[in-house]
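> I would like to see how this sequence folds:
(chains A and B)
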Amino acid sequence: MDATIFSFLLQDAATNGAIYALLALALVLVFAVTRILFIPQGEFVAFGALTYAMLEIGVVPGTVWLLLCFGLAAFAVEMYSSRRAMTARKVALEAASKVLLPAAIAVAVILIAPSKPGPLLASLLTVVMVAPMGPYLYRFAFQPMAEASILVLFIAAVAIHLALTGLSLVFFGPEGLRASPLSGDMFEIGPLLVTGQSLSVYALAIGLMGGLYLFFSRTLWGKALAATAVNRLGARLVGIPTTLSGKVAFTLAAAMGAVSGVLLAPMTTVYYDTGFIIGLKGFIAAIIGGLVSFPLAAAAALGVGLVEAFASFYASPFKEIIVFMLIIPVLIWRSLVTHHVEDEEE
Amino acid sequence: MRSPLIDVRDLSVSYGKVEAVRGIGLTVAEGAIVSVIGANGAGKTTLLNALMGVMPSAGDIRFDGALLAGQGIEQRVAAGLSLVPERRELFATMTVEDNLILGGFRTPAAERTAALERVYQRFPRLKERRRQIAGTLSGGERQMLAMGRALMARPRLLMLDEPSLGLAPRITEAIFEIVVSLREAGVSILLVEQNARAALEISDYGYVIELGSVTREGPARDLAADPRVIESYLGLGAH
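Residues are numbered from 1 along each chain as shown, chains lettered A, B, ... in the order given. Reported below is the predicted structural model:
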């Protein structure tokens, strides 16, 4: 292996690793706040990538209809669950946030899409379309069973994943799509040839992580979310609305998934079911981080990217196997060092 | 007599088919300390959890004249109820100050800083440890933090569940002194304690709960002199 190949592999590792890191952070966030192992996170990535790629060629993405369905489903569940304490104001508020908002987004996208929006506008529209799916999904699928055990929530997450993959096929079709790079520039940094695409990935990933860090360490809402993760009962006792925390976590996760999708779209051809395998890689990183540590999960994600890049060079047919095998030593190590305590607070 | 701040009538709580609290009636007057004493498993913690809305209950709870039925914990916190649970339920991985700030989650931002200053005045120890991680505090400090966090919501009724549990006698004394000083600051207190003697000493009124029902009630001084209460809760072998 010469230096050029080495540097390309490193770059590959860093760009993939950055995307896995965003996934891993979203998974840790959702798990910490809601105790849901959010398998469908990969679907948000696929939605984001396909949406972005379709906007680029001037097609109205199926995402708008999917978003409308999600909004209507969430609205229906909300109305049913509050049927005994219904007020006109509540109905109006719910209708505005779950029906009018997606409808407005749909209209905007239908108007803008044919003009083939540039990368910036297209990414923005993608996030705006995908992010609200998070809280809608939480409302109709998970909130009604928020107090269920981790296992039950996990089974529900798997079911949602299967359902979303199917919906993805219906709304996006079986064709794979690939977008053009966010930036076509190339930069020479010493011996390294860095693409503008890679730089955009790094910048966005680092920016998002920094933003998350500030959100959790500086804002009351960020602290409230972290508190919900640390001690759910404690959070409820100080008046933090934990269902709202769940919705905020899901909004962030969906938005991060959409951004990951936008970053991924120019790097590989994305199909309706591509999300799962990418999600699993983020999942490995999240597991290595113990599903609690953001920095550990992000570092592990870079490790996953690194292993994947070199595995695909040395043993291409086995690259997925090698990457997924990473989890075995971690699980063995965790089972050795973890104390099995029922009582996790205090 | 002052009007009751909280007026509970015929309150029942069930775990499946087991009724843990059966038709309890209880009032706490504005500015009073009221104790609930009883053996382990008598239903004291369940009672507090039901009042706070942590678990569903049947019966009437009126707070400041308004029915609390159907209100969640968040609305009860906003109305002025606050519970310091037996297990404290702190945010163990966060700093003392973040725990306190989150205690004021429902307090308007402009008033949160003043509330924090008042808590620090009442618990100078917490101010010293403001940057320390809550999980590393000693038992007494945790209880102070749990009380401080509850006070950040500026409650009108503070409910304390076994505040002396697991604490050294000297620290228990300090905690009870603070409870008395809270009454002077206008906070009404509903105190659940196994340490019945200490609780009745600082209380205005008391209830004895046995098997989920109130079996005796009266001014704290009278209860402390009641032979049956002395035998069951204050005598030898009791705390």
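
> stretch B:42-60 near chain A anywhere?
Yes: interface with chain A: stretch B:42-60 contributes B:52, B:54 (CB under 8 Å from any CB of the partner chain). In this view, the C-beta of every residue, glycine as well, is placed from N, C-alpha and C.

> quick check: buried residues in that stretch?
Neighbour-count burial for stretch B:42-60, counted by 16 or more other CB atoms under 10 Å in any protein chain shown, picks out B:42-54, B:57, B:59.

> any idea how far apart the tips of it sit?
Length of stretch B:42-60, first residue to last, CA to CA, to the nearest Å: 20 Å.

> show the average pLDDT along that stretch.
The pLDDT scores in stretch B:42-60 average 93.

> for stretch B:90-110, same thing?
94.

> thinking again about what came up before, farthest-separated two in the buried residues of stretch B:42-60?
B:Ala42 and B:Gly53 (20.9 Å; CB to CB).

> just give me the closest of the buried residues of stretch B:42-60 to A:Ala249.
Nearest to A:Ala249 among those, with distances taken as CB to CB, is B:Val54, at 22.1 Å.

> pretty sure the closest one sits against B:Ile73.
Yes: B:Val54 is within contact range of B:Ile73, at 6.5 Å (criterion: CB atoms under 8 Å).

> any idea which helix or strand carries the nearest residue to B:Asp64 once chain neighbours are set aside?
Spatial nearest neighbour of B:Asp64, excluding adjacent residues (CB to CB, 6 or more residues apart in numbering or on different chains): B:Leu5 at 6.1 Å. Assigning secondary structure by DSSP states H and E places B:Leu5 in strand B:4-15.

> and that strand, what does it pack against?
Here strand B:4-15 touches strand B:18-29, helix B:44-52, strand B:58-63, strand B:188-193, going by 3 or more CB pairs under 8 Å, 6 or more residues apart in numbering or on different chains; DSSP states H and E.

> how many other residues sit next to A:Ala255?
22 (other CB atoms under 10 Å in any protein chain shown).

> give me the neighbour count for the closest residue to chain B within the stretch 1-150 of chain A.
Closest contact between the stretch 1-150 of chain A and chain B, by CB to the nearest CB, is at A:Ala85 (7.1 Å). A:Ala85 has 8 neighbouring residues, counting by other CB under 10 Å.

> check chain A and tell me which residue is nearest its centre.
For chain A, the residue sitting closest to the mean C-alpha position, by CA atoms, centre = their mean, is A:Gly257 at 2.8 Å.

> pretty sure it contacts A:Phe44?
Yes: taking CB under 8 Å as the definition, A:Gly257 is a contact partner of A:Phe44 at 2.7 Å.

> which residues of the stretch 1-150 of chain A lie near chain B?
Checking the stretch 1-150 of chain A against chain B by CB under 8 Å from any CB, the hits are A:Ala85.

> spell out which residues of chain B are next to chain A.
B:52, B:54, B:70, B:73-74, B:77-78, B:82-83, B:85, B:87-94, B:98, B:101-106, B:109, B:135, B:142, B:149-150, B:152-153.

> strands of chain A, start to end?
Here chain A has its strands, by DSSP state E, at A:186-189, A:192-195.

> from those strands, which stretch is densest packed?
strand A:192-195 (a mean of 16; mean count of other CB atoms under 10 Å in any protein chain shown).

> that strand pairs with which strands, and in what direction?
Strand A:192-195 has its sheet partners listed here by DSSP bridges as strand A:186-189 (antiparallel).

> picking up where we left off before, run through the residues that contact the residue nearest to the centre of chain A.
By CB atoms under 8 Å, 6 or more residues apart in numbering or on different chains, A:Gly257 lies in contact with A:22-23, A:26, A:41-45, A:47-48, A:130, A:134.

> restricted to helices, list the residues you listed.
Judged by DSSP state H, the contacts of A:Gly257 include A:22-23, A:26, A:41-45, A:47-48, A:130, A:134 as members of helices.

> now list the buried members of these.
A:22-23, A:26, A:41-45, A:47-48, A:130, A:134.

> on that earlier part again, with respect to A:Phe294, which of the ones in helices among the contacts of A:Gly257 is nearest?
Looking across these and measuring by CB to CB, the closest to A:Phe294 is A:Ala26, at 10.5 Å.

> what's the distance between the closest residue to A:Leu29 other than its chain neighbours and chain B?
What sits nearest to A:Leu29 in space, not counting adjacent residues and going by CB to CB, 6+ apart, is A:Ala249, at 5.4 Å. A:Ala249 sits 16 Å away from chain B, going by CB to the nearest CB, to the nearest Å.

> name the residues of the lowest-mean-pLDDT helix or strand in chain B that are buried.
When the helices and strands of chain B are compared on mean pLDDT, DSSP states H and E, helix B:227-229 comes out lowest with a mean of 87. For helix B:227-229, the neighbour count (16+ other CB under 10 Å) marks B:Val229 as buried.

> next one: that helix to chain centre, how far?
24 Å (CA atoms, centre = their mean, to the nearest Å).
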